[in-house]
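*Asks:* Provided below are the primary sequence and the corresponding predicted coordinates.
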Amino acid sequence: MNILLGSLTLWQRELVRFFRQRSRIVGAFGSPVVFWLLLGSGIGRSFTLPSPEGTMNYMEYFFPGTIVLILLFTSIFSTISIIEDRREGFLQSVLAAPVPRSTIVLGKVTGATTLALIQGMVFMVLAPFVIGVSPTAVLITLVILGLVAFGLTALGYVIAWSLDSTQGFHAIMNLFLIPMWLLSGAVFPASGAPVWLQWVMTVNPVTYGVAAVRWSLYGTSTYAALGGPAPARSLAVIVLFGIAMFVTALAVTHRR
Amino acid sequence: MHAVEVENLTHYYGERKALSDVSFQVDEAEIFSLLGPNGGGKTTLFRILSTLLLPTEGAARIFDLDIGTDSSRVRQQIGIVFQNPSLDIKLTVRENLVHQGHLYGLHGGTLRSRIDEMMGRLKITDRASSLVETLSGGLRRRVELAKGMLHHPKLLILDEPSVGLDPGARHDLWQYLESLRDSEGVTILATTHLIDEGDRSDHVLILNQGLVVGSGTPRALKQQIGGDIIALTSKDPEVLSRKIADTFDLKPTVLNGSVRIEKTSGHEFIAKLIEAFPGTIDSVTLAKPTLEDVFIDRTGHRLWEES
């Protein structure tokens, strides 16, 4: 009982705080969209991929990767608040409350996942104009986005819980999280990359998130023409990654 | 039943011993102060009693519940006011209290009326919708108190509650603590490094370097000192101290450039001193012992001084 009420209240706190800090909305949503517009327009015609409907331009190719970047940024900026909660003192009163520590994980991860999903949905409004998707495809995509956001948020939580400064988190983000996204097939397809990079992309969990979003947005035939991990495999990796990260988050929270 | 029972508590941070074999009991409905200098072990004890830290050795019970094995029930019984703020400054006063209530299992109408009641008692009702970041330090401390008392705890634990408060706000704080004790029978346990707060308590435990160096009512502690405190200033306090020791068979101490003597019937003794050492004493003060004198008596240094 207490764990549900506690998680719900922490979830709500995440949302209220987020919408009160406008710079966070701009940071997490604005930058990926700017990347998409600039890179998409700039690279435009110099990039072509075969597709059943002829060729695919870069704005279309880069669209799924941009959504995943929005999820990644929102997850990071939401979980980074654990460090602030610890430093500013809010966390100590939650730790001293008569609720299990899993309440904190549950509240934070579901809160950040919700925020990431909301931001992803806002960008999805553009999908029909860029790619031409059916309402069913949009629904399936949202489910996939939720799963991907959950895994990324739990990953962000695990990193943030053990850190004492937001600077440390930014360093990890630049050295580890952004490269994970760059090497996920979001920016370029694995098919043209050197073999060693293809290996990195195969073991990178984000690859499967981007692939699943790509599959649900493009439809099976276009996705197949592009090449990439099988949709069922992508979904399995996303779900397993989410579970693994959430369990790790519970474990680190009970330890410190 | 005692509100708090601490038995042979010892705590190490790595190699450093922060608490050394501390034992004491707190009666129900009393104000109990943990008095000592910074680094004396007060905050470690606070963290152990608020279930945030498990002691290396020893046991502590709150209303007969063990803090280690029964921490979740202990948490329901205690309210905590941290030295560092625990409020979310991006939320309003009411929002902070709502979240706190939910974490303690309160909700709906019960929670709403309890929040209104607490805001009324602490006179923050008109700031209910203000973001905490816009409040002064004194107001924030009142919100912290409302937060700590929201779930009707029988024991309120506070870590240096008056740090950063002006004298008026400190007065309000103590008046509120006394009213909690008197009207609701709440037990109060507060750490402090301020002598006058020790004096306002029912019981004082003096901690120095992790050791209990004194325990009792402020009155009893002060009575253990033999009579009055005489402080003398002189051009050469060390020499004067030695001379007094030789002449009167006393053990004066030299602290911060003045010679300090504990003596019954101090006023009579002062005349003898002046006669015995004409011209060497620049000034004399006579005072009743304070808790600071108790601390000096037990440790050989002032509360604020590094040992």
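*Replies:* Great, that's in hand. Since we're looking at a predicted model, the values are computed, not measured.
*Asks:* from now on I want contacts and neighbour counts done on CA atoms only, so please keep to that.
*Replies:* OK.
*Asks:* now do the contacts for the residue of chain A positioned farthest from its centre.
*Replies:* Going by C-alpha atoms, centre = their mean, the residue of chain A most distant from its centre is residue A:98, 31.9 Å out. Going by C-alpha atoms under 8 Å, 6 or more residues apart in numbering or on different chains, residue A:98 touches B:71, B:72, B:73, B:75, B:76, B:103, B:104.
*Asks:* what kind of secondary structure is it in?
*Replies:* Secondary structure state of residue A:98, per DSSP: H, G, I helix; E, B strand; the rest coil, is coil.
*Asks:* show me the shaky parts of the chain.
*Replies:* No chain was given, so I picked chain A. Applying pLDDT under 70 to chain A picks out residues A:1, A:50-54, A:256.
*Asks:* look at chain B instead
*Replies:* For chain B, counting by pLDDT under 70, the residues that fall below are B:304-307.
*Asks:* roughly how far does residue B:157 sit from residue B:4?
*Replies:* In this structure, residue B:157 and residue B:4 are 11 Å apart, going by C-alpha to C-alpha, to the nearest Å.
*Asks:* what's the local residue count around residue 56?
*Replies:* Defaulting to chain A. As a burial measure, residue A:56 scores 19 neighbours (other C-alpha atoms under 10 Å in any protein chain shown).
*Asks:* try chain B instead
*Replies:* Counted with other C-alpha under 10 Å, the neighbours of residue B:56 add up to 13.
*Asks:* residue contacts, it?
*Replies:* Counted by C-alpha under 8 Å, 6+ apart, residue B:56 has contacts B:9, B:10, B:11, B:12.
*Asks:* same thing but 6 Å
*Replies:* By C-alpha atoms under 6 Å, 6 or more residues apart in numbering or on different chains, the contact list for residue B:56 reads B:10, B:11.
*Asks:* measure it to residue B:13 for me?
*Replies:* Distance, residue B:56 to residue B:13, using C-alpha to C-alpha: 9 Å.
*Asks:* helix, strand, or coil at residue B:61?
*Replies:* strand.
*Asks:* you'd agree it is up against residue B:7?
*Replies:* No - under the criterion of C-alpha atoms under 6 Å, residue B:61 is not in contact with residue B:7, lying 8.6 Å apart.
*Asks:* these two: which is more packed in?
*Replies:* Remark: of residue B:61 and residue B:7, residue B:61 carries more neighbours, 21 against 16, as counted by other C-alpha under 10 Å.
*Asks:* list phi and psi for the closest residue to the more buried one other than its chain neighbours.
*Replies:* Nearest residue to residue B:61, sequence neighbours excluded (C-alpha to C-alpha, 6 or more residues apart in numbering or on different chains): residue B:5, at 5.1 Å. The phi/psi pair for residue B:5 (degrees, to the nearest 10) reads phi -130, psi 120.
*Asks:* same check, this time on residue B:194
*Replies:* Dihedral angles of residue B:194 (phi, psi; degrees, to the nearest 10) stand at phi -110, psi 130.
*Asks:* ok, now residue A:114?
*Replies:* Dihedral angles phi and psi of residue A:114 (degrees, to the nearest 10) take the values phi -60, psi -50.
*Asks:* what about it, distance to residue B:238?
*Replies:* Distance from residue A:114 to residue B:238, by C-alpha to C-alpha: 72 Å.
*Asks:* which one's more surrounded, the two?
*Replies:* Under the neighbour definition other C-alpha under 10 Å, residue A:114 and residue B:238 were set side by side, and residue A:114 has more, 21 against 16.
*Asks:* what's the neighbour count on residue B:240?
*Replies:* Number of residues near residue B:240 (other C-alpha under 10 Å) recorded here: 21.
*Asks:* now do the SS call for it.
*Replies:* Assigned by three-state DSSP, the conformation of residue B:240 is helix.
*Asks:* and the residue nearest to residue B:61, what does it touch?
*Replies:* Per C-alpha under 6 Å, 6+ apart, neighbours of residue B:5: B:25, B:60, B:61.
*Asks:* OK, contacts around the last one?
*Replies:* Right, the one you point to is residue B:61. If you count contacts by C-alpha under 6 Å, 6+ apart, residue B:61 has them with B:4, B:5, B:67.
*Asks:* which one of these sits closest to chain A?
*Replies:* Ranked by distance to chain A (C-alpha to the nearest C-alpha), those are led by residue B:67 at 11.8 Å.
*Asks:* how about the residues of the stretch 101-250 of chain B by chain A?
*Replies:* The stretch 101-250 of chain B comes close to chain A at residues B:102, B:103, B:105, as judged by C-alpha under 6 Å from any C-alpha of the partner chain.
*Asks:* could you pull out the strands for the stretch 51-200 of chain A?
*Replies:* A:54-56 (DSSP state E, counting those that start in this stretch).
*Asks:* I should have written the stretch 151-300 of chain B there, sorry.
*Replies:* B:155-159, B:187-192, B:203-208, B:211-216, B:228-234, B:253-255, B:258-263, B:281-287.
*Asks:* the shortest one: which residues count as buried?
*Replies:* By neighbour count, and taking 16 or more other C-alpha atoms under 10 Å in any protein chain shown as the criterion, the buried residues in strand B:253-255 are B:253, B:254.
*Asks:* which residues touch it?
*Replies:* Contacts for strand B:253-255 (C-alpha under 6 Å, 6+ apart): B:259, B:260.
*Asks:* go on, the third one?
*Replies:* Taking contacts as C-alpha under 6 Å, 6+ apart, the residues outside strand B:203-208 that touch it are B:32, B:33, B:34, B:35, B:36, B:40, B:212, B:213, B:214, B:215, B:216, B:217.
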